[in-house]
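Colleague: No letters, just coordinates:
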């Protein structure tokens, strides 16, 4: 609709986003003993598998730096690569569409669905489709979307969003899944994972056979050849891209890699990082629709390129690192915060450390500024990131933007009301702190006051309710035993004073 | 609408990249700037054609078998077409399969002709309902990847171009619970990257679809417990013809 | 070698024995230690909260005091018993402007965390310590991931007489402190501490040892609230200890 020279739509949209309720969702998650048990077990298992899988690679750092440089290079010339991709893919017979925002992307898919008289669409798991709220758009138009990835199917039946980028039902115990399927399908269900999987295979076979449209994401788009690669384990993507007459793939613009040979290093590192497998069961490289001698395959392939706020991240080398993400979810599995609260508490389809930086940058700080606070800045996420995204650095940057803004916004803070309130409260404390830290004498005086207060609270813990924002700290922790003096007031410190600086 | 979005997105990207190049942004202080220099792009096809039709070593065959074994697949190494037929017959008998569907690859047909029987053999162009009743599918693998025990399944009309065995069917290897792939040892390559490279014809063309399949399909979506056989095959057999 | 000590605000006020232990260890290794009492805090708590207006003056103050010691005070290096504060001086390079940024660069380059300084710079492993007891090491996040400190403290501890070092499988997992994080999300923070403590309780250890007073405050606070017999000890306290080996340490 907008003319080409219009100011681009800078902030995107994430469907069902309620990251502004993060503070309320966290206590709910913490109170859910079942959830925390499931998360602890699952994240332990995957992180160990990942570590073992990566030990097998001799030149891991070399591989990681290649993966990083492929994505960095792709992003540095993203406009050129997208145009090359469009040219090549079009020559291959793939219809390429451009969607500036979520609404536009959903409209494009819907248009294709309607033109092909779609009643049922089978879907391979796609984070981008969750991001743009494609299922709701299809349902509103009277089209039934059926998720076909086992975990995604389970959460769809439970009417929940996925809680993990790769394992959408990671928060659910087996018994819970059994009961859910029994309720939805109206018959008794087996107890074991194999039996439940067999049920899914059987139920979904019928859907695959009926569907007029197959919808998927894409892991990598290859500019050089106009192809795209789909990575999976279950075979549902192969079915989604083989059985229906029409296949639509929706992909963020950051999924581009320049050359075909770039796929090798990325494939080599993504599955090991994601599930700890040496390689996933299936990687399907799609280049063309079905050709004349073929019996099977889609007659039409569409690829929707989605911006939805991504191009804005390229303004800055640091924020652009966010777009290197290959969605392996290794950062979720090692994140101690994710481990405590799970994916739903983030209030975004993108949870965990990557979600905490991706969500506010895509949907806007006003909608998700609490998420960058969901980190102790421990750096475990960056340590495992196969493309070395400086997640802690971006978290710090976003916290700063929430509190003070930056040059690109004319130094206006960008935050939701809760974050603003919290920041203001912290700022009052830190203003005092700044003043107290501003001289050695004040530091000494307020240090003594602090030790005294700590001693009193240690004796009478009920006093903590007057400690304002600090009250929560003492809920589960005992205030340390305070020494009667500071280091600087001691004999040794006085002995160590450099010449000419006698005054403390 | 679509054309407008194209221009909007490309101009937004250009504007952002220009701003990043100006280096005036503040967020640099939170982390060091990326130190990776991007290698220049070239116009030539990035992957040279690979000659994979040389003699394959026993070492490669053993490596392939071991790798496939690690991912719960089964590799039958045979040294004659008759041996291949025996292996196929044994798989069918062991699983008690009553209906088998084949692709129309000539080698697949040749081997199946040597199989004694005891099952119904369906040609590839059966209707989908019949295909769904088949317990086993036999098709040709274009390439085998030694490092992972991967078979590459291609579809399309590439046979005349690259000389690679390319199937016209995708569902034969996908819908039945058991897939048996026929792989010539001359089609073995060492790495995934080499397999990808060898998919390209001399003119740089790729088959419409190429699937790299490693072992039976699997999931760990329920409590991270590994279950084999979800939507794709539950059993993956590869008959490796060491004499070809 | 003349060393400027950056003692860190928390240790100065809440763990003076560990600060003094740091000095003793350095002096035992032949260093001359100076402590400039104009120093207060590195500014990290406000910086991590995104509050640069508050962080900058405090950080600048620390940088100027320490830069003064290395450029004019004749100090060869800065040592701090905290990986976290050492890492903050690296961020200070970008946070501060002009001459202060240059000073921050000098300070960041001269600053060493204690164990890193002893092992890498002085190449000392055995510092003559004796401390009877069984301990596990907690890798403080910033020391581990920003400074790459992993083997150094373990080597130092292994050389301590009477000390039995056991490896914890959660050694590199965050304790949950994270500055304002532990105040803003206290439940998550204690959950993270519990994750570690649950495992530590199975190791039969007397103490959890770390190189950061802030991690110790978090872990000790939680250990004590849970009624655990495990206590928190700073690395420097062990390295300076000369405990008789016959007495049980409890």
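Modeller: Thanks, I have the structure now. Given the structure is predicted, the values throughout are model-derived calculations rather than measurements.
Colleague: and residue 202, which of the three is it?
Modeller: Unless you meant another one, I'm taking chain A. Secondary structure assignment for residue A:202 (DSSP: H, G, I helix; E, B strand; the rest coil): helix.
Colleague: look at chain B instead
Modeller: Assignment for residue B:202 (three-state DSSP): coil.
Colleague: With residue B:211 instead?
Modeller: Under three-state DSSP, residue B:211 comes out as strand.
Colleague: what does residue C:3 give?
Modeller: Residue C:3 carries the three-state label strand when classified by three-state DSSP.
Colleague: what do you get for residue A:98?
Modeller: Three-state call for residue A:98 (three-state DSSP): strand.
Colleague: count of neighbours near it?
Modeller: Here the number of neighbours of residue A:98 (other C-beta atoms under 10 Å in any protein chain shown) works out to 25. The C-beta positions use only the backbone N, C-alpha and C, and glycine is treated the same way.
Colleague: Surely it and residue B:6 touch.
Modeller: Yes. Taking C-beta atoms under 8 Å as the definition, residue A:98 is a contact partner of residue B:6 at 4.0 Å.
Colleague: hey, what's in contact with both of the two?
Modeller: Common neighbours of residue A:98 and residue B:6, counting by C-beta atoms under 8 Å, 6 or more residues apart in numbering or on different chains, are absent.
Colleague: Identify the residues contacting the residue lying closest to residue A:262 once chain neighbours are set aside.
Modeller: In space, and not counting its chain neighbours, residue A:262 is closest to residue A:70: 4.6 Å by C-beta to C-beta, 6 or more residues apart in numbering or on different chains. For residue A:70, the contact set (C-beta under 8 Å, 6+ apart) comprises A:257, A:258, A:262, A:265, A:266.
Colleague: need those residues in TSV with pLDDT and distance to residue B:131, can you?
Modeller: Formatted as TSV, these follow (pLDDT from 0 to 100; distance: C-beta to C-beta, whole Å):
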residue	pLDDT	distance to residue B:131
A:257	98	35
A:258	98	39
A:262	98	36
A:265	97	37
A:266	97	34
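Colleague: Nearest to residue C:118 among those?
Modeller: Nearest to residue C:118 out of these is residue A:265 (C-beta to C-beta; 39.4 Å).
Colleague: sorry, back to before: the contacts of residue A:70: which two are farthest apart?
Modeller: Largest separation among the contacts of residue A:70 by C-beta to C-beta: A:258 and A:265, giving 12.5 Å.
Colleague: I'd like to know if the longest helix seen in chain C reaches chain A anywhere along the stretch.
Modeller: Longest among the helix segments of chain C by residue count, using DSSP state H, is helix C:52-71. Yes. Using C-beta under 8 Å from any C-beta of the partner chain, we find that helix C:52-71 touches chain A at C:52, C:53, C:54, C:55, C:57, C:58, C:61, C:69.
Colleague: mind checking how far the residue nearest to residue A:262 is from chain C?
Modeller: For residue A:70, the distance to chain C equals 24 Å [C-beta to the nearest C-beta, to the nearest Å].
Colleague: so that residue is in which element?
Modeller: Using DSSP states H and E, residue A:70 sits within helix A:60-76.
Colleague: List the buried residues of that helix.
Modeller: Neighbour-count burial for helix A:60-76, counted by 16 or more other C-beta atoms under 10 Å in any protein chain shown, picks out A:63-76.
Colleague: repeat for stretch B:86-102
Modeller: By 16+ other C-beta under 10 Å, the buried positions in stretch B:86-102 come out as B:86, B:87, B:88, B:89, B:91, B:92, B:97, B:99, B:100, B:101, B:102.
Colleague: Contacts only, for the nearest residue to the fourth one once chain neighbours are set aside.
Modeller: Looking back up the chat, that one is residue B:89. For residue B:89, ignoring the flanking residues on the chain, the nearest one in space by C-beta to C-beta, 6+ apart is residue B:115 at 5.0 Å. Contact analysis of residue B:115 by C-beta under 8 Å, 6+ apart lists B:85, B:88, B:89, B:92.
Colleague: about what we covered before: adding distance to residue A:19 and pLDDT, write the buried residues of stretch B:86-102 out as CSV.
Modeller: Listed next are the buried residues of stretch B:86-102 as CSV, based on distance: C-beta to C-beta, whole Å; pLDDT from 0 to 100:
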residue, distance to residue A:19, pLDDT
B:86, 61, 97
B:87, 56, 97
B:88, 55, 97
B:89, 59, 96
B:91, 52, 97
B:92, 55, 96
B:97, 52, 96
B:99, 52, 96
B:100, 53, 97
B:101, 49, 96
B:102, 53, 95
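Colleague: domain assignment for chain C?
Modeller: Chain C resolves into domains spanning C:2-120, C:127-239 when parsed by automatic domain parsing.
Colleague: List phi and psi for the residue in the stretch 51-200 of chain A that chain C sits nearest to.
Modeller: Here the residue of the stretch 51-200 of chain A nearest chain C is residue A:51; by C-beta to the nearest C-beta that distance is 11.2 Å. Phi and psi for residue A:51, reported as degrees, to the nearest 10, are phi -60, psi -40.
Colleague: Grab the nearest non-local neighbour of it.
Modeller: The shortest distance from residue A:51 to any non-neighbouring residue, by C-beta to C-beta, 6+ apart, is to residue A:276 (7.7 Å).
Colleague: What is the burial count for that neighbour?
Modeller: Per other C-beta under 10 Å, the neighbour tally for residue A:276 reads 20.
Colleague: ok, now the one 10 residues further on?
Modeller: Here the count is done by other C-beta under 10 Å, and residue A:286 has 28 residues near it.
Colleague: And the pLDDT at it?
Modeller: Listed pLDDT for residue A:286 reads 97.
Colleague: and if you look at residue A:33?
Modeller: Looking at residue A:33, its pLDDT reads 92.
Colleague: and it, what is it in contact with?
Modeller: Applying C-beta under 8 Å, 6+ apart to residue A:33 gives no contacts.
Colleague: roughly how far apart are it and chain C?
Modeller: Distance, residue A:33 to chain C, using C-beta to the nearest C-beta: 11 Å.
Colleague: show me where the chain has strands.
Modeller: Defaulting to chain A. With DSSP state E as the criterion, chain A has strands at A:95-99, A:120-123, A:144-147, A:213-216, A:220-222, A:227-232, A:246-252, A:256-257, A:282-286, A:300-306.
Colleague: nope, chain C
Modeller: Ranges of strands within chain C are C:2-5, C:32-34, C:77-80, C:111-113, C:130-138, C:161-166, C:207-210, C:231-234, based on DSSP E.
Colleague: nearest to chain A, of those?
Modeller: Of all these, strand C:32-34 comes closest under C-beta to the nearest C-beta, at 4.4 Å.
Colleague: From the chain's centre, how far out is the closest one? Work that out for me.
Modeller: Centroid separation between strand C:32-34 and its chain, computed with C-alpha atoms, centre = their mean, to the nearest Å, is 18 Å.
Colleague: which residues touch it?
Modeller: Contacts for strand C:32-34 (C-beta under 8 Å, 6+ apart): A:496-498, C:1-5, C:23, C:26-27, C:69, C:73, C:75, C:79.
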